[in-house]
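Visitor: using only what follows, build the 3D model:
(chains A and B)
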Number of protein chains: 2
Amino acid sequence: MKSSFEEKTLTSKTLFEGRVIDLVFEEVLLPNGKTSTREIIKHPGAVAVIPITSDGKIVMVRQFRKALERELVEIPAGKLEKGEKPELTARRELEEETGYECETLDHLISFYTSPGFADEIVHVYIAEGLSKKVNKLELDEDEFVEVIELSLEEAKQYIQEQKIYDAKTAYAVQYLELKKAMER
Amino acid sequence: MKSSFEEKTLTSKTLFEGRVIDLVFEEVLLPNGKTSTREIIKHPGAVAVIPITSDGKIVMVRQFRKALERELVEIPAGKLEKGEKPELTARRELEEETGYECETLDHLISFYTSPGFADEIVHVYIAEGLSKKVNKLELDEDEFVEVIELSLEEAKQYIQEQKIYDAKTAYAVQYLELKKAMER
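Guide: Numbers count the residues shown, from 1 in each chain, chains lettered A, B, ... in the order given. Okay, the predicted model is just below:
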């Protein structure tokens, strides 16, 4: 989309290249002719899955988040692998993190998480027709999770208690609430 | 919350200190005794406002996002200022970005945007009883926005067209949809 607010890049410097993110520092020309700087995080993107059981619960994972120095309860999610279709990543992450495979996987929405400073996008899927495929989880080497299943009321309580505390999972809980309101 | 999945910090190094974000690189001890690394973005946190007009539209702002090299339509938002209460930041950002002041401002939810790599939290408020306070916007020096008001149907169309494309605004649109479904 052509934008009248466009900021032209004057200089661009990659200050850090990591396993997960890169940091790019740019000088930009503003629409009013002045200059400013932008600090930008490059991220490969991610998928998240809202796994809904036959009795209307959401399957979530409890995990430690070093950036926050605390545990969160979140819907299953994971980074996109290079060249892998998001739908495949979604099926893989669901299975690895929860042990469930699904009959149907439908794209619900995609969104940027922090457009002010990062290009991370999350593709969100609904997984239904769940069945346990494995009992032992196949986690990444540095990944430790516990699987829990929450009813809508329990999930709303978890939000009150700040156990659920991230955007994609808050979106997922609100989605379930909307779905139930529409079914009434 | 004490966590059995806790990752102890072995070393921590601040690699970049910017205007908006800092980058911290840490070596951590995993629960299984192995070590790994974590790339962490420190952010001051932000507020976002869902301004709802008397006829049920949401006030949004169109702006250029350098991290994405494109325009997005988003609910008004801004970084927390040091020592400023989030509610005050919310009122200030609403006024600066849209020219509206509000009679009521209620906290809806707070969430971390990217818990995998960043500590950014967004506090989301509902603003109602809107009235135009100023006609000329008081924007930051490097901020250029256009104000638009969208009905629920228009906002859902904007999501389809990927004009609305970020987590907090997607949450806001779903909130409005839920609100209308509950009122029926």
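Visitor: where do the strands of chain A begin and end?
Guide: A:8-17, A:22-29, A:35-42, A:46-51, A:58-65, A:70-74, A:77-79, A:100-112, A:121-132, A:145-150 (DSSP state E).
Visitor: got the ones you listed as a markdown table, with mean pLDDT, mean neighbour count and distance to residue B:144 columns?
Guide: All C-beta atoms are positioned from the backbone trio N, CA, C, and that covers glycine. Formatted as a markdown table, these follow (pLDDT from 0 to 100; neighbours: other C-beta atoms under 10 Å in any protein chain shown; distance: least, C-beta to C-beta, whole Å):
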| stretch | mean pLDDT | mean neighbour count | distance to residue B:144 |
| --- | --- | --- | --- |
| strand A:8-17 | 98 | 12 | 13 |
| strand A:22-29 | 98 | 17 | 12 |
| strand A:35-42 | 97 | 19 | 11 |
| strand A:46-51 | 98 | 26 | 29 |
| strand A:58-65 | 97 | 22 | 34 |
| strand A:70-74 | 97 | 21 | 35 |
| strand A:77-79 | 97 | 21 | 32 |
| strand A:100-112 | 98 | 18 | 19 |
| strand A:121-132 | 97 | 19 | 23 |
| strand A:145-150 | 94 | 16 | 42 |
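Visitor: can you put those strands in a markdown table and add distance to chain B?
Guide: Shown next, in a markdown table, are the strands of chain A (distance: least, C-beta to the nearest C-beta, whole Å):
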| stretch | distance to chain B |
| --- | --- |
| strand A:8-17 | 6 |
| strand A:22-29 | 5 |
| strand A:35-42 | 4 |
| strand A:46-51 | 7 |
| strand A:58-65 | 4 |
| strand A:70-74 | 4 |
| strand A:77-79 | 8 |
| strand A:100-112 | 5 |
| strand A:121-132 | 7 |
| strand A:145-150 | 8 |
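Visitor: what residues of stretch A:90-101 count as buried?
Guide: For stretch A:90-101, burial by neighbour count (16 or more other C-beta atoms under 10 Å in any protein chain shown) applies to A:90-91, A:93-101.
Visitor: domain assignment for chain A?
Guide: What automatic domain parsing lists as the domains of chain A is A:8-42, A:46-183.
Visitor: tell me where the longest helix sits in chain A.
Guide: With DSSP state H setting the assignment, residue counts place helix A:167-183 as the longest helix in chain A.
Visitor: okay, the angle between it and strand A:70-74?
Guide: For helix A:167-183 against strand A:70-74, the angle between stretch directions is 30 degrees (axes from the mean of the first three to the mean of the last three C-alpha atoms, to 10 degrees).
Visitor: avg pLDDT for helix A:167-183?
Guide: Mean per-residue pLDDT for helix A:167-183: 96.
Visitor: now swap in stretch A:155-164 and tell me
Guide: Averaging pLDDT residue by residue across stretch A:155-164 gives 98.
Visitor: can you tell if it touches chain B?
Guide: Yes: counting by C-beta under 8 Å from any C-beta of the partner chain, chain B has neighbours in stretch A:155-164: A:159, A:163.
Visitor: packing partners of the longest helix of chain A?
Guide: Helices and strands touching helix A:167-183, by 3 or more C-beta pairs under 8 Å, 6 or more residues apart in numbering or on different chains; DSSP states H and E, are strand A:46-51, strand A:58-65, strand A:70-74, strand A:100-112, strand A:121-132, helix A:152-160, strand B:100-112, helix B:167-183.
Visitor: perfect, that will be all.
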